[in-house]
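>>> give me a 3D structure for the following:
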Amino acid sequence: MVVVMAPGATDEEIGRVVERVEGVGGEAFVSKGVVRTIIGLVGDIESFHHLNLRSLPGVADVHRISDPYKLVSRQHHPERSTVWVGPAEKQVPIGPETFTFIAGPCAVETPQQTLEAAEMAKAAGATLLRGGAFKPRTSPYAFQGLGVRGLEILADVREVTGLPVVTEVVDARDVAVVAEHADMLQIGTRNAANFGLLQAVGESGKPVLLKRGMTATIEEWLMAAEYIAQRGNLDVVMCERGIRTFEPATRNTLDISAVPVIQATSHLPVIVDPSHAAGRKDLVVPLSRAAIAVGADGIIVDVHPEPETALCDGPQALLGNDLRALATAVRQLPAAVGRLDASARTRTGRASST
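Numbers count the residues shown, from 1 in each chain. The predicted model follows:
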């Protein structure tokens, strides 16, 4: 069961609901989104019915949810959500009315390399900067990232370019330091079932980009999002990045159908990572076009000033003509499916006058 609080509900009103639920032996998980607060209830449904929660001040509605993922389901939240990323004066939306382009180096290597990649991304139309400071790799001998130094580089580049930062966190012990430097925390495919980490980022107070586990079903992916939401954070963006199949022609198989399936099932935004799906730069632009056409809320793409020397995933990084082709697609195609550029929408939801 889910209690939907009215916009502007006070902490006292939320606390009264929690107190009532706990008074009959139930558990109440408070999750705060941009506009509303949702309280997920665990316990005896019949006992909750007798509480008459709808009559309490600040309560907008109460729903009995059949989906196993209560808080991220559209059963209680029929309108799709927008997640806002970045400081108040330059927040970037990810949601159903816009198309958001995220780009940057797969791994932060040096200040100069990161700044050059960020400037390339911004020139191509990106409004968010991705970059890895912590890099979980299949091989323990591969480059694992610069750690906190990488976070500091990203923060410095944000100051120069104005692009809010998306970066991966791989250990629950690092959530606080990553949240201190980044505007959005990324959960990578290898950690999509790391439930302790999911709970930790749910408590961080920062938006979360949740990549699909490489062998996760859509329900398992949504349940991972539920772990984050249950800890108080509804600002979750789903990212389809390809799944492991029998086909070796690409690094992973991009499940483009996951985009409309998630959008029909959950209110959370969904973006696509064509770089890690393909593993090769010649497929990134075609897969990006497909993501736009199918209705994705954005894409996240690797760019690098010198892909041949990249310490991580150089074969899939774009520059030159490939990046220009992607910039053209991102500039022209979203309008065909009724999307604004993310930079054209303000925090109030109205088109920007700038």
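>>> do a quick rundown of the helices in this protein.
Assigned by DSSP state H, the chain shows helices spanning 11-23, 45-49, 111-123, 148-161, 175-181, 195-202, 218-230, 258-265, 274-278, 284-294, 320-332.
>>> tell me the spatial nearest neighbour of Ala216, not counting adjacent residues.
Sequence neighbours aside, Ala192 is the residue nearest to Ala216 in space, at 5.8 Å (criterion: C-beta to C-beta, 6 or more residues apart in numbering). (C-beta placed from N, C-alpha, C; glycine too.)
>>> mean pLDDT, mean neighbour count and distance to Cys312 added to the helices of the chain, as JSON lines?
Output for the helices of the chain, formatted as JSON lines (pLDDT from 0 to 100; neighbours: other C-beta atoms under 10 Å; distance: least, C-beta to C-beta, whole Å):
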{"stretch": "helix 11-23", "mean pLDDT": "94", "mean neighbour count": "15", "distance to Cys312": "43"}
{"stretch": "helix 45-49", "mean pLDDT": "85", "mean neighbour count": "13", "distance to Cys312": "48"}
{"stretch": "helix 111-123", "mean pLDDT": "97", "mean neighbour count": "20", "distance to Cys312": "11"}
{"stretch": "helix 148-161", "mean pLDDT": "97", "mean neighbour count": "18", "distance to Cys312": "11"}
{"stretch": "helix 175-181", "mean pLDDT": "97", "mean neighbour count": "17", "distance to Cys312": "18"}
{"stretch": "helix 195-202", "mean pLDDT": "96", "mean neighbour count": "21", "distance to Cys312": "21"}
{"stretch": "helix 218-230", "mean pLDDT": "96", "mean neighbour count": "22", "distance to Cys312": "24"}
{"stretch": "helix 258-265", "mean pLDDT": "97", "mean neighbour count": "18", "distance to Cys312": "25"}
{"stretch": "helix 274-278", "mean pLDDT": "96", "mean neighbour count": "26", "distance to Cys312": "11"}
{"stretch": "helix 284-294", "mean pLDDT": "97", "mean neighbour count": "20", "distance to Cys312": "16"}
{"stretch": "helix 320-332", "mean pLDDT": "96", "mean neighbour count": "17", "distance to Cys312": "18"}
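>>> adding distance to Arg130, write those out as CSV.
What follows is the helices of the chain, written out as CSV (distance: least, C-beta to C-beta, whole Å):
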stretch, distance to Arg130
helix 11-23, 34
helix 45-49, 42
helix 111-123, 8
helix 148-161, 9
helix 175-181, 13
helix 195-202, 16
helix 218-230, 19
helix 258-265, 19
helix 274-278, 10
helix 284-294, 14
helix 320-332, 14
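>>> so which of those gets nearest Gly86?
Comparison of the helices of the chain against Gly86 by C-beta to C-beta identifies helix 148-161 as nearest, at 8.9 Å.
>>> how far does that closest one sit from its chain's centre?
Centre-to-centre, helix 148-161 and its host chain are 20 Å apart (C-alpha atoms, centre = their mean, to the nearest Å).
>>> packing partners for it?
If you count contacts as 3 or more C-beta pairs under 8 Å, 6 or more residues apart in numbering; DSSP states H and E, helix 148-161 packs onto helix 111-123, strand 128-130, strand 165-168, helix 175-181.
>>> now the shortest one, how far from the chain's geometric center?
On the basis of C-alpha atoms, centre = their mean, strand 128-130 sits 12 Å off its chain's mean C-alpha point.
>>> name every strand pairing with that strand and say which way it goes.
As defined by DSSP bridges, the strand partners of strand 128-130 come to strand 98-104 (parallel), strand 165-168 (parallel).
>>> out of those, nearest to Ala258?
Across the strands paired with strand 128-130, closest to Ala258 is strand 98-104 (C-beta to C-beta), at 17.4 Å.
>>> isn't the residue nearest to Ala216 up against Thr215?
No - shown here, Ala192 and Thr215 do not form a contact pair, counting by C-beta atoms under 8 Å, at 9.3 Å.
>>> re the thing from before, any chance of the helices and strands packed on helix 148-161 in TSV, plus distance to Thr10?
As requested, the helices and strands packed on helix 148-161 are exported to TSV (distance: least, C-beta to C-beta, whole Å):
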stretch	distance to Thr10
helix 111-123	40
strand 128-130	33
strand 165-168	32
helix 175-181	26
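>>> to Leu318, which of these lies closest?
The closest of these to Leu318 is helix 111-123. By C-beta to C-beta, the value is 8.4 Å.
>>> what residues does that closest one touch?
103-105, 108, 129, 131, 153-154, 156-157, 160-163, 303-306, 319, 323, 327 (C-beta atoms under 8 Å, 6 or more residues apart in numbering).
>>> with stretch 198-208 instead?
83-85, 169, 172, 175-176, 179, 182-187, 191, 224, 227-233, 235-237.
>>> alpha carbons only: can I get it in CSV?
Output in CSV follows, covering the C-alpha atoms of stretch 198-208 (Å, rounded to 0.1, in the frame of the first residue of the first chain):
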residue,chain,number,x,y,z
LEU,A,198,21.5,1.0,-3.5
GLN,A,199,20.2,1.7,-0.1
ALA,A,200,23.2,4.0,0.6
VAL,A,201,22.6,6.2,-2.5
GLY,A,202,18.9,6.2,-1.6
GLU,A,203,19.9,8.0,1.6
SER,A,204,22.4,10.4,-0.1
GLY,A,205,19.9,13.1,-1.1
LYS,A,206,21.3,13.2,-4.7
PRO,A,207,19.6,12.0,-7.9
VAL,A,208,20.6,8.6,-9.0
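>>> I'd like the distance from it to the chain centre, please.
11 Å.
>>> ok, back up a step: tell me which of the strands paired with strand 128-130 sits most buried.
Highest mean neighbour count among those (mean count of other C-beta atoms under 10 Å): strand 98-104, with a mean of 28.
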